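Sharing a model prediction with you, sequence too.
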Amino acid sequence: MADTTWTTTGEEALFPAKNNRLKFAVGGVLLLAAIVYLIVNAMSGNTQLYKTVGEFYAEQDRLIGRDLRVAGFVVGDSIEFVQIDATTSRLEFDIVDDINNPSQRLHIVAMNEPKPDLLQHEAQALVEGSANENGEFISNPGGLLLKCPTRYEELDPAGHPDGIDMQTGNTN
Amino acid sequence: MIPELGYIALILALAAAVFAAGAAYYGRHTNQPRWIESARNATIATFPLITISCLLMIYSLVQGDFSVEYVWRVSSRDMPTYLKVTALWGGQAGSLLFWNFLLSVFTAAAMARNWRKQKELMPYAIMVASFTQIFFLSISVFVEHPFARLPAVPVDGNGLNPLLRHPGMIIHPPMLYLGFVGFTIPYSFAMSALISGKLDDVWIKITRRWTLVAWLFLSLGLVLGGRWAYDVLGWGGYWAWDPVENASFMPWLAGTAFLHSVMIQEKRNMFKMWNIFLILLTYCLVIYGTFIVRSGVISSVHSFAQSAIGPLFFAFIAVMFVFSAYWMLKRRVDLHSENRLNSLLSREAAFLYNNFLILAILLVVFLFTNYPIFSELITGEKGFVGPPVYEQALAPLFVLLLLLMGVAPLTMWYRSSAERIGMSLRWPALAALVFIGVLFALGIRGWGALLGFWVVSFSLILTLLEFWKGTRARMKKGENVFVAYSNLMARNRRRYGGYWIHLGVIVMAFGIIGVEIFQEQTQIRLGVGEKVSLGRYEMQFLSATRYAGPDDLIITEATVDVYDNGRYVGQLHPRSELYTRTNQPMTIPNARSTITEDFYVLMINWEPATADQATFRIYLNPLINWVWAGGVIFVIGTLVAAWPDPAVERSLSRRRRPAAAPTD
């Protein structure tokens, strides 16, 4: 660094150390209070509840109209993208907790949202929005999130891909 | 046979790491240098062993040996060779193997660079680094076995997800890994200083250099990840405050705080405990980040494996945290500051404010990232915090940090005169005010945007003035402006490299304000010949065609004309690709990029039956390219600051010589 022409003793003599502890303590408390305020202020009324499909249906009455983030697996044959007119599109699909046992389906509706590339059968979806009285879950603008590609691929429960099709190499 | 050899090499590497840790401990406690040298050799030996294992995995990938489960999962016959090679880090087991490889590279490099000069610190550094290596190697050997065979041999593999076939995604993971892994070395030296009690200024210099290297890679990883998201994911954004993104950002923040506060210790012998705390925090956040990414404990847009490694990582974090905290408390008397702050208006105080602000940002990000866990613990219900909450809470802290970035270089060590600083700030503040006046006259509204632009332009002017003052001082000695500037940079790399990093951040901040506040978007279906307007741009849909691409690709490509203020500026070709084998579509945006904005077009729907109509989503992203340009400046600045300075190296050698002389 350029400004290194000092000696500890000389400089200390010029500028005797004051006890700034009190000032720093007060400053620290104020800063902490400011951070707490920023956090509380930003969060108040803006956090979402995170629910799986089963959890949503268990408390459906309480959760209608509330800002939620629901998670589930996409049922492939329920995906539908309709361009209603030039400026209005409607994307619909169902999500379930267990793709092999889709007893409870949550119907997702996203208006004027593109169909994400990853929206496919068995894809994991996270949807931010709220449920209405008709049993539909309406996605917020930009609230439709599909899990990113399987860079860290899921292991199946046995730890081995038992369901491999030996001809194609694809999982069943 | 090849996979088995790869696995044996991994087991040997694990044995070498265990031996290294044990031999270093034994050699240090019985005072036998031969054992410590043996520990060093064993540490270095992990590098060729893990390299062999990686090369054999790459060989299996390139050869398409689908009897290996990992090869089957992440590659396929029709993938180009370069993608087969990069599939090494395309899945959990392979990326852990690659992680082990990078860790062995770093530890071998640390042995080579610091062995002769830092003999007293090395036994403990070997122990700590080896302990980390043992943990990750054990995961690879016992839990995520990369060479595990399948019961039967499939004809072909699954292939790499098409979204990952992007140059940004090929480079981004290794950069992040290098950043993450790199922090093991400064942590090891910090711990060795703590355990050995050698808490003079030597460890801090070694640690700073290694931190800067790791920090550079982590910065590159963050920028490249943002660029990949912008280019590939088609949502017009680059950062979503997702837990996985935050997992990389948090150690970066802690590392940034350390790189600043370390200067106070070097100059004033203060904040020793604080610096140790920061480097330990950075390392713990690295391991915690890895835990978040790979355990699936927090819901994220990114995909996770729900594998058995989550609890193991948690246990490892706990052990390292307790181990670090124990030694820090044990040495608390030695870490006591020799000096006190003389003034609240001084360079050291400015660094301290910087640290407060960075740690405040870190605290907010940590709380919000872990909110699902905390809320479930407290209320019994899992909550989630979205990007708007992050932005609202963090914006004031970032503004203060940017202000400090401009003002701090004006302060002096020990004490600064408020009057002198005030004088120095007056004209830049006024110039920044004039600048936003011009922006206002050009039609830019919104107090948030104008305040943001004022702060960044104010900091920009102050930073540029620092360069000018330094250059002018040399020009007074008779050097011309270019020579003066070159000499200024060459002789104060660390300081002016740091200012280049600040410049990079400021340029990025311009871009972030632009795109966050002024982004516009629309979605519309157009018939052939129809037009749509967005901002001062107009786009006309000309045609769409579908054709077969290479491999299994079917490409649908639109052609649109783009007009800027009515003037034709070119054609864009947004397209959609379908990988027919996996039925995976990819929407590829096409953008007209200028220094002021991106006109970013996605074709989101086109049906062959109605070939004369297509639906487009269009974004106008003002100043987005400033984000990338800032990233480039940032990296260049870091390289300048990290480059070894011969003068400093000589002074370090001189300082070490008396202690090293008897053994050399």
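The structure has been received and is ready for your questions.

Is stretch B:519-531 positioned near chain A?
Yes. Judged by CB under 8 Å from any CB of the partner chain, stretch B:519-531 comes into contact with chain A at B:523-526. The C-beta positions use only the backbone N, C-alpha and C, and glycine is treated the same way.

Shouldn't residue B:198 be within a strand?
No. Secondary structure of residue B:198 (DSSP: H, G, I helix; E, B strand; the rest coil): coil, not part of a strand.

Please verify my assumption that it contacts residue B:119.
No. Residue B:198 lies out of contact with residue B:119 (CB atoms under 8 Å); the separation is 10.7 Å.

Got a PyMOL select line for the buried ones in the residues of stretch B:519-531 next to chain A?
A single PyMOL command selects the buried members of the residues of stretch B:519-531 next to chain A (16 or more other CB atoms under 10 Å in any protein chain shown):
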select buried, chain B and resi 523+524+525+526
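
JSON lines for the residues of stretch B:519-531 next to chain A, including pLDDT?
Formatted as JSON lines, the residues of stretch B:519-531 next to chain A follow (pLDDT from 0 to 100):
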{"residue": "B:523", "pLDDT": "92"}
{"residue": "B:524", "pLDDT": "93"}
{"residue": "B:525", "pLDDT": "92"}
{"residue": "B:526", "pLDDT": "93"}
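
got the residues of stretch B:519-531 next to chain A as CSV, with secondary structure columns?
Below are the residues of stretch B:519-531 next to chain A laid out as CSV (three-state DSSP):
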residue, secondary structure
B:523, strand
B:524, strand
B:525, strand
B:526, strand
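
ok, of the residues of stretch B:519-531 next to chain A, which one's closest to residue B:634?
residue B:523 (33.8 Å; CB to CB).

Identify the bridge partners of that closest one.
Beta-bridge partners recorded for residue B:523 (DSSP bridges): residue B:617.

any idea how far it lies from residue A:116?
14 Å (CB to CB, to the nearest Å).

Likewise for residue B:266?
Counting by CB to CB, the gap from residue B:266 to residue A:116 is 50 Å.

again, but for residue B:200
Distance from residue B:200 to residue A:116, by CB to CB: 56 Å.

In terms of neighbours, single out the busier of these two.
In this view residue B:200 and residue A:116 are compared by other CB atoms under 10 Å in any protein chain shown, and residue A:116 has more residues nearby, 21 against 11.

how about that one, phi and psi?
Backbone torsions for residue A:116, taken as degrees, to the nearest 10, come to phi -60, psi 150.

In contact with it, which residues?
Going by CB atoms under 8 Å, 6 or more residues apart in numbering or on different chains, residue A:116 touches A:144, A:146.

Now do it, the pLDDT please.
On the pLDDT scale, residue A:116 is placed at 87.

Could you find the closest non-adjacent residue to residue B:584?
What sits nearest to residue B:584 in space, not counting adjacent residues and going by CB to CB, 6 or more residues apart in numbering or on different chains, is residue B:162, at 5.1 Å.

In contact with that neighbour, which residues?
Applying CB under 8 Å, 6+ apart, the residues near residue B:162 are A:149, B:577, B:579, B:582, B:584, B:586.

Farthest pair within those?
Across those (CB to CB), the longest gap, 14.4 Å, separates A:149 and B:577.

CA atoms of the helix ranked longest in chain A as CSV?
Looking across chain A with DSSP state H, the single longest helix is helix A:21-43. The C-alpha trace of helix A:21-43 is given here as CSV (Å, rounded to 0.1, in the frame of the first residue of the first chain):
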residue,chain,number,x,y,z
ARG,A,21,-16.2,1.0,23.0
LEU,A,22,-19.3,2.8,24.2
LYS,A,23,-19.8,4.4,20.8
PHE,A,24,-19.3,1.1,19.1
ALA,A,25,-21.7,-0.7,21.5
VAL,A,26,-24.3,2.0,20.8
GLY,A,27,-23.6,1.8,17.1
GLY,A,28,-23.8,-2.0,17.1
VAL,A,29,-27.1,-2.0,18.9
LEU,A,30,-28.5,0.6,16.5
LEU,A,31,-27.3,-1.5,13.5
LEU,A,32,-28.7,-4.6,15.0
ALA,A,33,-32.0,-2.9,15.6
ALA,A,34,-32.0,-1.6,12.0
ILE,A,35,-31.4,-5.1,10.7
VAL,A,36,-34.2,-6.5,12.8
TYR,A,37,-36.5,-3.8,11.5
LEU,A,38,-35.5,-4.4,7.9
ILE,A,39,-36.1,-8.2,8.3
VAL,A,40,-39.4,-7.8,10.1
ASN,A,41,-40.6,-5.1,7.8
ALA,A,42,-39.8,-7.1,4.7
MET,A,43,-41.3,-10.2,6.0
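
elements contacting it?
helix B:347-369, helix B:387-407 (3 or more CB pairs under 8 Å, 6 or more residues apart in numbering or on different chains; DSSP states H and E).

Is the shortest one in proximity to chain A?
Yes. Under the criterion of CB under 8 Å from any CB, chain A is reached by helix B:387-407 at B:388-390, B:392-394, B:396-397.

Flag every buried residue along that helix.
Result for helix B:387-407 [16+ other CB under 10 Å]: buried residues B:389-390, B:393-407.

next one: the first one
Going by neighbour count (16+ other CB under 10 Å), the buried part of helix B:347-369 is B:347-366, B:368-369.

Also near chain A: which of those, exactly?
Among these, chain A is touched by B:356, B:360, B:363-364 when using CB under 8 Å from any CB.

Out of these, which is nearest to residue A:67?
Distances from residue A:67 to these, taken by CB to CB, are shortest for residue B:364, at 20.4 Å.

Please name the spatially closest residue to the closest one (chain neighbours excluded).
Nearest one to residue B:364, counting by CB to CB, 6+ apart, is residue B:393 at 5.2 Å.

do you know how far the one you found is from residue B:29?
49 Å.

Show the contacting residues for residue B:220.
Counted by CB under 8 Å, 6+ apart, residue B:220 has contacts B:175, B:179, B:635.

In CSV, list the residues you listed along with secondary structure and neighbour count.
Shown next, in CSV, are these (DSSP: H, G, I helix; E, B strand; the rest coil; neighbours: other CB atoms under 10 Å in any protein chain shown):
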residue, secondary structure, neighbour count
B:175, helix, 21
B:179, helix, 26
B:635, helix, 18
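
any chance of those in CSV, plus pLDDT?
Output for those, formatted as CSV (pLDDT from 0 to 100):
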residue, pLDDT
B:175, 89
B:179, 91
B:635, 93
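
ok so, going back, report the angle between the axes of the longest helix of chain A and helix B:387-407?
150 degrees (axes from the mean of the first three to the mean of the last three CA atoms, to 10 degrees).

Can you list the buried residues in helix A:21-43?
A:24, A:27, A:31, A:35, A:38-39, A:42-43.

average pLDDT for whichever helix or strand comes after that helix?
Counting by DSSP states H and E, the next helix or strand C-terminal to helix A:21-43 is strand A:48-52. Mean pLDDT, strand A:48-52: 90.

Give me the helices and strands touching the helix or strand following strand A:48-52, please.
Once strand A:48-52 ends, the next helix or strand along the chain (criterion: DSSP H and E) is helix A:53-58. Applying 3+ CB pairs under 8 Å, 6+ apart, we find helix A:53-58 packed against strand A:68-85, strand A:106-111.
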